[in-house]
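> pasted the sequence and its predicted model underneath.
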Amino acid sequence: MTHPLSHRPTLDADIPLICQFADSQQSLFFFFPNAVFPLTPQQLQVNVKSRFGSTTVLFNGRVVGFGNLYNHPENGLCYLGNLLVDPSKRGEGIGRYLVQTLIDLGFNNPHVDTMHLCCFNENIRGLKLYFSLGFRPFSMEFMDRPGGGEAALIHFALPRPSF
């Protein structure tokens, strides 16, 4: 039996589908804090072109997740970013699959010593997932939330596994 989850590089045709996953101002804020709701393909396309390793997760061939990498691996750091799962498929292991896939992709570069990611304090599911995968918090910053108020953006690190 084949596993229903697979992944591939993100295609231009995936972008409009991925935009639909940011179905609220809050989910867009967690996914892409600088974007304006509703997320448009143009906003996401600009972001994708400024990063690398854009990856689409498929569930039985259907687009259900997206993420990418950024920063400069030659400096030893690589960030996971823009992590988003189809709201109808959340809680089914797609986020874990996506993050593990991006970790593997980042650590395939021999210069990368540490993977980093950021997660807002309100994103309890994300916080639990990242912690369970070995990421540990090391810093925090505060950002204005759309519509007012502040949110804490927690920075996490995962060192390269040593075997």
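Alright, I've got the coordinates. Note that the structure is a prediction, hence the values are computed from the model and not measured. Numbering: from 1, shown residues only.
> give me the buried positions along the lowest-mean-pLDDT helix or strand in the chain.
When each helix and strand of the chain is scored by mean pLDDT, DSSP states H and E, helix 25-31 comes last, with a mean of 93. Neighbour counts over helix 25-31 (16 or more other C-beta atoms under 10 Å) mark 26-31 as buried. Heads up, the C-betas are built off the backbone N, CA and C, glycines and all.
> which outside residues touch it?
Outside helix 25-31, the residues within contact range by C-beta atoms under 8 Å, 6 or more residues apart in numbering are 21-22, 35, 37-39, 82-84, 87, 119-120, 122-123, 126, 145-147, 151.
> for it, what is the distance to the chain centroid?
The chain centroid and the centroid of helix 25-31 are separated by 12 Å under C-alpha atoms, centre = their mean, to the nearest Å.
> please apply the same query to stretch 49-68.
Distance, stretch centre to chain centre, for stretch 49-68: 9 Å (C-alpha atoms, centre = their mean).
> who's in contact with that stretch?
Applying C-beta under 8 Å, 6+ apart, the contact partners of stretch 49-68 are 4-11, 14, 17-18, 21, 47-48, 69-70, 80-86, 89, 92, 94-95, 97-99, 101-102, 105-106.
> which PyMOL command selects the buried ones in these?
Of those, the buried ones can be selected in PyMOL as follows, counting by 16+ other C-beta under 10 Å:
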select buried, resi 5+7+10+14+17+18+21+47+48+69+70+80+81+82+83+84+85+86+89+94+95+97+98+99+101+102+105+106
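> quick one: the helices in this protein?
15-21, 25-31, 41-49, 94-107, 124-132 (DSSP state H).
> from Asn123, how far out is Pro33?
Distance of Pro33 to Asn123, computed by C-beta to C-beta, to the nearest Å: 11 Å.
> much appreciated, bye for now.
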